[in-house]
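Colleague: Whatever this is, show me its structure:
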Amino acid sequence: MTSNDDILRALGRVEGRLTGIEENVALLRQEMGDEKANAHESRAVIHKRLDEQARQIAHLDTRVAMTGGADAQIRAEIVTLKETVVKNQETVGPALEEWKRMKSIGYGISGLIAFAGLTTGGVIAYASDGAVAALRHWLKIS
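Modeller: Residues are numbered from 1 along each chain as shown. The predicted structure is shown next:
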């Protein structure tokens, strides 16, 4: 059989192991608590980022909607202006054609006046010798 000393030694060993196990469990609990706190902080940061992203997306959606409305307004104004320009061109078109016709007639008249002036000048230059001779004869200048 076993003696009391052996039993006490065995109990001491069991008690030592239990103390070691308790220390290990306390250390594990502490580490788990630290990990839990770190995980909580990490999740909080992720949630903040997600909230910020959601806010930015909502802001972007609002901007896109506003820009789309402004684009639609601008397009409507462009269509209206285009219609106005076409109407104005149709209204002014005959007057512009008349102006072009008058301008070409004016060029023709200017050309005729220039031609008549040149012709008159040529005739005067040609006839000047005869006129000078006739004038000298009439005035009896030799």
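Colleague: Flag the shaky bits of this protein, pLDDT-wise.
Modeller: Of all residues in the chain, those with pLDDT under 70 make up the ranges 1, 142.
Colleague: now the strands for it?
Modeller: Listed from the start of the chain, the chain has no strands (DSSP state E) to report.
Colleague: Which stretches in the protein count as helices?
Modeller: According to DSSP state H, the chain carries its helices in the segments 4-139.
Colleague: Ramachandran coordinates for K140?
Modeller: Taking degrees, to the nearest 10, you get phi 60, psi 50 for the backbone angles of K140.
Colleague: Give me the distance between it and A131.
Modeller: Distance from K140 to A131, counting by CB to CB, to the nearest Å: 16 Å. No exception for glycine: its C-beta is placed from N, CA and C like everyone else's.
Colleague: Which residue of these two possesses the greater neighbour count?
Modeller: When K140 and A131 are compared for neighbours, A131 comes out ahead with 11 against 6, by other CB atoms under 10 Å.
Colleague: could you measure the more buried one against A125, distance?
Modeller: Here the distance between A131 and A125 works out to 11 Å (CB to CB).
Colleague: What about N88, how many residues nearby?
Modeller: N88 is surrounded by 10 other residues when neighbours are defined as other CB under 10 Å.
Colleague: For it, give me its contacts.
Modeller: By CB atoms under 8 Å, 6 or more residues apart in numbering, N88 lies in contact with nothing.
Colleague: Look up how far E97 lies from it.
Modeller: Using CB to CB, N88 is found at 15 Å from E97.
Colleague: Next: E41.
Modeller: Taking CB to CB as the measure, E41 falls 82 Å from E97.
Colleague: same question, V85
Modeller: For V85, the distance to E97 equals 18 Å [CB to CB].
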